[in-house]
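Participant: Please work out how this folds:
(2 chains)
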Amino acid sequence: MRDAFVSSLYSMACSDKDIILLTADLGFGVFEEFESLEGQYFNVGISEQNMIGVASGLALIGKKVVVYSIGNFPTLRCLEQIRNDACYHNLNITIVSSGGGFSYGALGMSHHATEDLSVMRSIPNINVISPCTAGEAGYAINSLIKADGVGYLRLDKSSAVEKESKHTFKIGSSKTVVKGLDITIIATGGILEEVIEVSNKLKSINVNARVIGMYSIKPIDKKAIISAAEETGGIVTVEEHNLDGGLGSAVSEVCMDNNIIPKLFLRLGMNNIFSSIVGSQKFLRSKYKIDSKAIFEKIKILIK
Amino acid sequence: MIKRKEVLAQTKKIAKFIRKSVVLMTSSGGSSHVGSCLSIVDLVAVLYGHVLKIFPNDPESSSRDIFILSKGHAGAAIYSVLSYVGFFSKDLLSSHYQDGSNFSGHVSHKGVAGVEFSTGSLGHGLPVAVGVALSFKINKKDNKSFVLMSDGEFDEGSNWEAILFAAHHKLDNLFVIVDRNKLQSIRTTEETLSLEPFKEKFSSFGWNAIEINGHNHDEIINACEAQKKSMPTIIIAKTIKGKGISFMENNNLWHYRSPQGKELKDALAELENENA
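Facilitator: All right, here's what the predicted structure looks like:
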């Protein structure tokens, strides 16, 4: 995902002098080609609050600013700057965090980004994008800059494999990657790869699951959620994120706001906990029962 | 070329208007921070009356300088001066702090022409002003970036990130003005979290640091013209919180209290007498 983001941003920056990339001293070896773009790349140092402030000042004078760091640093560390400086003034700033969920699982709790989606989506004037595939990450940065407002782009280390090269990425939309009517599984981020495996396992027991990659968390694809609630046997949401306020919450809000109760409903994710246990992304998914095996078992029980 | 004497006559007139205006606004609104407003009146009068390149009839002009009030709680002073120089009608000032008004206690740009940036939480203005200055540099433009800060605000760590950044990038188009009244919310700055030696801190950080009397209009003008190549400038303006109204001066009660009844009458009378 990160490579797709970098390559898409670089090609935009080459043809638009107003695009500026700021990093808070992260991305070793990642942004070397940006250094040749004079006045378009600054390493602001380890100073996230200043980074968002500087981005806001630059954007106030018409720049299109992309800020980059990892984990919770460009979000939670400078949340008030994002709210007051960037969002209230509706500036063209895209906040990019590499390392959604347990991408940096072995680095410990400080590096587990498991509340970012809920926190960021609670702020007005922001688009929140959590790509499920590498291709989506590339399209997302392009769309967020063009949207001319504040955006949050969550990059995951893992990603689901894209079956088709044709892209329909649009802020506020989603992608149905598997068709089905028995149940719908909605996932955000690279964990979609687990969900696709789940749908294959379900097929082997004659359950046809619809699988939706919900890359746009805010605005969210209401139409896809309502269709899933009305047309299929229920909704299961899967996120590598805390359950409070995340994807599952967003999906249930859409259902309740539209007076549509899915026949079955289950939210899977981190259940209001921190992980002091470390390990690879795969290991932690398994530990917290959001890997394909656990999701499959839970859905089997749900639809019994 | 307008003579300095004429300039000073004009900025004195503006200062007189702002003082009266902030007393009336904080009284009718029942709002706090009259002392914080009075502290910066002379700075703001000189900035808007002489220093800043502004275009009240074309507020978005690309030739303008950018001014950010980082101590957003003194918003009434900014609304007052903006109305004086013609960004909007003075009649609107009476809506300050009232139900349904855009003229909030802490300065906000929405629906208020001339306000470049909304603040209210301390430690935000400087990083943004730094970004503005950097943007002008990248665009090879001569516009300047000004930010007016409180001294207590320097407790906030975000400022020190920006202070490092501004010197590193040699932002000599950045002017930080500090309202050094030495009082913060509860006690003095030195009792709370010592700032001294304040000027030396900036010199050692690679800034052009200047100390002035923040109520002397002549000194304020000179300081704003004392740009040094490749260095950001900080003007430490020594001020008196509550300046102009004897019973408010250096009394932190007026960080919170709103002048009512006899207090309002006495305050207005003092302002009239002083300038008679």
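
Participant: Check which helices and strands whichever helix in chain B runs longest sits against.
Facilitator: Secondary structure of chain B read by DSSP state H shows that its longest helix is helix B:4-29. The elements that helix B:4-29 packs onto, with contact taken as 3 or more Cβ pairs under 8 Å, 6 or more residues apart in numbering or on different chains; DSSP states H and E, are helix B:34-46, helix B:75-85, helix B:217-224, helix B:261-274. Backbone N, C-alpha and C define where each C-beta goes, glycine included.

Participant: any idea of the mean pLDDT for the last one?
Facilitator: Along helix B:261-274, the predicted confidence averages to a pLDDT of 94.

Participant: buried residues in that helix?
Facilitator: Residues B:263-264, B:267-268, B:270-271 are the ones in helix B:261-274 that count as buried (16 or more other Cβ atoms under 10 Å in any protein chain shown).

Participant: And the pLDDT for the nearest residue to residue B:88 once chain neighbours are set aside?
Facilitator: The spatial neighbour of residue B:88 that comes closest, neighbours along the chain excluded (Cβ to Cβ, 6 or more residues apart in numbering or on different chains), is residue B:113 at 5.5 Å. On the pLDDT scale, residue B:113 is placed at 96.

Participant: OK, contacts around residue B:113?
Facilitator: Neighbouring residues of residue B:113 by Cβ atoms under 8 Å, 6 or more residues apart in numbering or on different chains: B:56, B:59, B:82, B:87-88.

Participant: ok, now residue A:237?
Facilitator: Applying Cβ under 8 Å, 6+ apart, the residues contacting residue A:237 are A:185-187, A:247-248, A:251, A:266-269.

Participant: Looking at these, which one is closest to chain B?
Facilitator: Compare each of those with chain B using Cβ to the nearest Cβ and the shortest gap goes to residue A:247, at 29.8 Å.

Participant: Spatially nearest residue to the closest one (excluding sequence neighbours)?
Facilitator: residue A:239 (4.2 Å).

Participant: What separation is there between that neighbour and residue A:268?
Facilitator: From residue A:239 over to residue A:268 the distance is 7 Å, taken as Cβ to Cβ, to the nearest Å.

Participant: Settle it for me: which of these two has more neighbours?
Facilitator: A side-by-side neighbour count of residue A:239 and residue A:268, using other Cβ atoms under 10 Å in any protein chain shown, places residue A:239 first with 30 against 25.

Participant: ok, the helix or strand that contains the more buried one: who's next to it in the sheet?
Facilitator: Assigning secondary structure by DSSP states H and E places residue A:239 in strand A:235-242. In the sheet, strand A:235-242 lines up against strand A:183-187 (parallel), strand A:265-270 (parallel) (DSSP bridges).

Participant: Distance from it to the middle of the chain?
Facilitator: Strand A:235-242 has its C-alpha centroid displaced from the chain centroid by 12 Å (Cα atoms, centre = their mean, to the nearest Å).

Participant: Alpha carbons only: can I get that strand in PDB?
Facilitator: Coordinates of the C-alpha atoms in strand A:235-242 are reproduced here as PDB (Å, rounded to 0.1, in the frame of the first residue of the first chain):
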ATOM      1  CA  ILE A 235     -24.100  -8.300   8.300                       C
ATOM      2  CA  VAL A 236     -20.800  -9.100   9.900                       C
ATOM      3  CA  THR A 237     -18.200  -6.300  10.200                       C
ATOM      4  CA  VAL A 238     -14.500  -7.000  10.500                       C
ATOM      5  CA  GLU A 239     -11.900  -4.400  11.400                       C
ATOM      6  CA  GLU A 240      -8.400  -4.500  12.800                       C
ATOM      7  CA  HIS A 241      -9.400  -1.700  15.200                       C
ATOM      8  CA  ASN A 242     -11.200  -1.100  18.400                       C
END
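
Participant: Would you mind identifying the next helix or strand past it?
Facilitator: Moving toward the C-terminus from strand A:235-242, the first helix or strand encountered (DSSP H and E) is helix A:247-257.

Participant: Give me the contact list for that next one.
Facilitator: A:117-118, A:121, A:130, A:186-188, A:214, A:217-218, A:220, A:222, A:225-226, A:229, A:235, A:237-239, A:241, A:243, A:261-262, A:265, A:267-269.

Participant: Next, the angle from the strand holding residue A:239 to helix A:247-257.
Facilitator: Orientation check (axes from the mean of the first three to the mean of the last three Cα atoms, to 10 degrees): strand A:235-242 against helix A:247-257 gives 140 degrees.

Participant: that older thread, just so I know, which of the helices and strands packed on helix B:4-29 lies nearest chain A?
Facilitator: Checking the helices and strands packed on helix B:4-29 against chain A by Cβ to the nearest Cβ gives helix B:75-85 as the closest, at 14.1 Å.

Participant: Now the element after the closest one, going C-ward?
Facilitator: For helix B:75-85, the following helix or strand on the C-terminal side (DSSP H and E) is helix B:125-138.

Participant: partner strands of the helix or strand following that following helix, parallel or antiparallel?
Facilitator: On the C-terminal side of helix B:125-138, the nearest following helix or strand under DSSP H and E is strand B:145-150. Sheet pairing of strand B:145-150 (DSSP bridges) gives strand B:66-69 (parallel), strand B:174-180 (parallel).

Participant: Reformat these as CSV; add mean neighbour count.
Facilitator: Converted to CSV, the strands paired with strand B:145-150 look like this (neighbours: other Cβ atoms under 10 Å in any protein chain shown):
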stretch, mean neighbour count
strand B:66-69, 26
strand B:174-180, 27
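
Participant: Using TSV, lay out these together with mean pLDDT.
Facilitator: Putting the strands paired with strand B:145-150 into TSV (pLDDT from 0 to 100) gives the following:
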stretch	mean pLDDT
strand B:66-69	98
strand B:174-180	98
